[in-house]
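J.: Predicted structure and sequence below. I'll ask about it afterward.
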Amino acid sequence: MDTIVNYIDSMFSGVPDTEETKRLREDITANMSDKFEELISEGKNENEAVGTVISEFGNIDEVLAEMGVKREGKKAVKAFSPLKHLIKRNIPELLFETAGLTVLVSGMYSFSFDVFWTGWKAGYSLMVCCMVTVILLYLAYYMRKRTNAASLPDTEEYKAAIMKIRSLTEKTDIVWAVCAVLFIVSAIYALFSLGFLMPVSGNLMSALVELGPFAAGAVYVVSVLIGNVRNKISAALGEPVTKTSAVREVIRFSLPMLTYTILQIWIFIESIDGGLPGEELYAMTYTPVTVIIYLIALCVAYLIDTFIKFRKR
Amino acid sequence: MISSDIIRGYTDTMILYILSCEDSYGYEISKRIRDITEGGYVMKETTLYSALTRLEKNGSITSYSGMHDGRKRTYYSITEAGRSCYADKCGEWELTKSVIDRFIG
């Protein structure tokens, strides 16, 4: 119902406050609320009802013209931006996922560096802190009151606008994931060949090389964010999760992570041959193990999520 | 779905018909329209209110405040002028129908 009130507010923005317009607004609000309640009592869910009510609204300027009322200000009615509406409804979820991922990625990378700068104990502590933060974030996210993805009004312009946004994200999210992979490979390889993750001081080249993993992490986070926006749009359009879209999601999400893990394992094997001391070898396993734990935790969370959604039906 | 261009001339007529039976308020009117047309035509909110404004301005209907289900509502009531306007519209439709029918194969 809030969405409906917000919609009416945006429709009436810039409309001067007269007896007539006040009455119109009250009447329209009462009507839409009646319609909404009737749809709910017919068994529709809240999002469907909101969508139907909004789509049956029409064009307020038609009524204003009859009343001889003009909007104030230079701007005409502020268009109800589909992207803004979608993002607003999904911000908590998007924030949780992005924040969790960012923390984890930075944890992984900082660990790799810290273990060789300050000893593996400090690196390990930082890693654990990041993991705990991520786990808490995800728990908080899944425990909160769950709302469905925002449903969209059923008008054609709305749908067209939102599908355009989605097609834009379709083109880019795989690209971002692949870029993340390439970044990771080149960064790790460069670091490895420059002397096995030891901090190299002084020259620009080494600084750039050290930035590589961080850049890769940032690119990865962006790719996940874009993919998530696209998923929200698909959910809001009421499209079922198809096998291809699920596979695509898994690839996009895990490809950079897996690349990182594989490379770390490769480095680990190389360092066995290179005769690294036992303690440092042991420390090398943390990153791949952590990534695997993270992916397992995600699968579990996804399964719980699906189970809860299934039960709710 | 009926094209709104076609129906535009007769939204007033539909409302006058409904009010000629009894007084009513916004949502009830649009609901009756949907029921009478058996879902064939769903009038948009703004179309309804444009028509109601227009009809009130030309004196075909009047409005008063009422209560329904504990909510304040604006009720509409048809006037004598409204009834004669309705009769005119009915005649117009019969004429239109007979003209157009000649072209329907």
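T.: Arrived safely.

J.: closest point of the stretch 51-200 of chain A to chain B, which residue?
T.: A:Gly58 (3.2 Å; CB to the nearest CB). Using the backbone N, CA and C atoms, a C-beta is placed for each residue, glycine as well.

J.: A:Glu62 contacts B:Thr47, correct?
T.: Yes. The pair A:Glu62 and B:Thr47 passes the contact test of CB atoms under 8 Å, sitting 6.9 Å apart.

J.: list the residues that contact both of the two?
T.: Common contact partners of A:Glu62 and B:Thr47 (CB atoms under 8 Å, 6 or more residues apart in numbering or on different chains): none.

J.: what about the two, which has more around it?
T.: Between A:Glu62 and B:Thr47, counting by other CB atoms under 10 Å in any protein chain shown, B:Thr47 is the more crowded of the two (20 against 15).

J.: Distance of the more buried one relative to B:Ser4?
T.: In this view, B:Thr47 and B:Ser4 are 7 Å apart by CB to CB, to the nearest Å.

J.: for A:Val63, same thing?
T.: A:Val63 sits at a distance of 15 Å from B:Ser4 (criterion: CB to CB).

J.: try B:Glu92
T.: B:Glu92 sits at a distance of 19 Å from B:Ser4 (criterion: CB to CB).

J.: For A:Lys13, the count of nearby residues, please.
T.: Not quite, residue A:13 is Ser, not Lys. For A:Ser13, using other CB under 10 Å, the count is 15.

J.: With B:Ser65 instead?
T.: Here the number of neighbours of B:Ser65 (other CB under 10 Å) works out to 10.

J.: what's the answer for A:Leu182, then?
T.: Residues lying near A:Leu182 (other CB under 10 Å) number 14.

J.: quick check: mean pLDDT across the helix or strand where it lies?
T.: Using DSSP states H and E, the element containing A:Leu182 is helix A:156-193. In this model, helix A:156-193 has a mean pLDDT of 70.

J.: Could you do stretch B:46-66 as well?
T.: Throughout stretch B:46-66, pLDDT has a mean value of 91.

J.: send the alpha carbons of that stretch over as CSV?
T.: Extracted as CSV, the C-alpha positions of stretch B:46-66 are listed here (Å, rounded to 0.1, in the frame of the first residue of the first chain):
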residue,chain,number,x,y,z
THR,B,46,-8.3,9.0,-14.2
THR,B,47,-10.8,8.4,-17.0
LEU,B,48,-13.4,7.9,-14.4
TYR,B,49,-12.5,11.1,-12.5
SER,B,50,-12.2,13.2,-15.7
ALA,B,51,-15.7,12.1,-16.6
LEU,B,52,-17.1,12.8,-13.1
THR,B,53,-15.5,16.2,-13.1
ARG,B,54,-16.9,17.0,-16.6
LEU,B,55,-20.4,15.8,-15.7
GLU,B,56,-20.5,17.8,-12.5
LYS,B,57,-19.3,20.9,-14.4
ASN,B,58,-22.1,20.6,-17.0
GLY,B,59,-24.7,20.0,-14.3
SER,B,60,-25.5,16.4,-15.1
ILE,B,61,-24.5,15.2,-11.7
THR,B,62,-24.0,16.5,-8.2
SER,B,63,-21.8,15.3,-5.4
TYR,B,64,-22.1,15.1,-1.6
SER,B,65,-20.0,13.7,1.2
GLY,B,66,-20.9,10.3,2.6
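
J.: next one: that stretch to chain centre, how far?
T.: 10 Å (CA atoms, centre = their mean, to the nearest Å).

J.: Any part of it near chain A?
T.: Yes. Judged by CB under 8 Å from any CB of the partner chain, stretch B:46-66 and chain A are in contact via B:Thr46, B:Thr47, B:Tyr49, B:Ser50, B:Thr53, B:Arg54, B:Lys57.

J.: buried subset of those?
T.: B:Thr46, B:Thr47, B:Tyr49, B:Ser50, B:Thr53, B:Arg54 (16 or more other CB atoms under 10 Å in any protein chain shown).

J.: Would you agree the last one is in contact with B:Leu16?
T.: No. No contact is recorded between B:Arg54 and B:Leu16 when judged using CB under 8 Å, the distance being 11.3 Å.

J.: Can you tell me the centre-most residue of chain B?
T.: Centroid-nearest residue in chain B: B:Ile15, 1.7 Å away (criterion: CA atoms, centre = their mean).

J.: Correct me if wrong: that one contacts B:Arg54.
T.: No. Using CB under 8 Å, B:Ile15 makes no contact with B:Arg54, being 9.7 Å away.

J.: Where is the longest helix in chain B?
T.: The helix that spans the most residues within chain B, counting by DSSP state H, is helix B:80-101.

J.: what packs against that helix?
T.: helix B:11-21 (3 or more CB pairs under 8 Å, 6 or more residues apart in numbering or on different chains; DSSP states H and E).

J.: try it again with 10 Å
T.: With contacts taken as 3 or more CB pairs under 10 Å, 6 or more residues apart in numbering or on different chains; DSSP states H and E, helix B:80-101 sits against helix B:11-21, helix B:45-57, strand B:61-68, strand B:71-78.

J.: Tell me what angle the second one forms with strand B:71-78.
T.: In this structure, helix B:45-57 runs at an angle of 50 degrees to strand B:71-78, with axes from the mean of the first three to the mean of the last three CA atoms, to 10 degrees as the basis.

J.: could you say what helices and strands helix B:45-57 packs with?
T.: Applying 3+ CB pairs under 10 Å, 6+ apart, one finds that helix B:45-57 makes contact with helix A:2-11, helix A:19-41, helix A:60-67, helix B:11-21, helix B:26-36, strand B:61-68, strand B:71-78, helix B:80-101.
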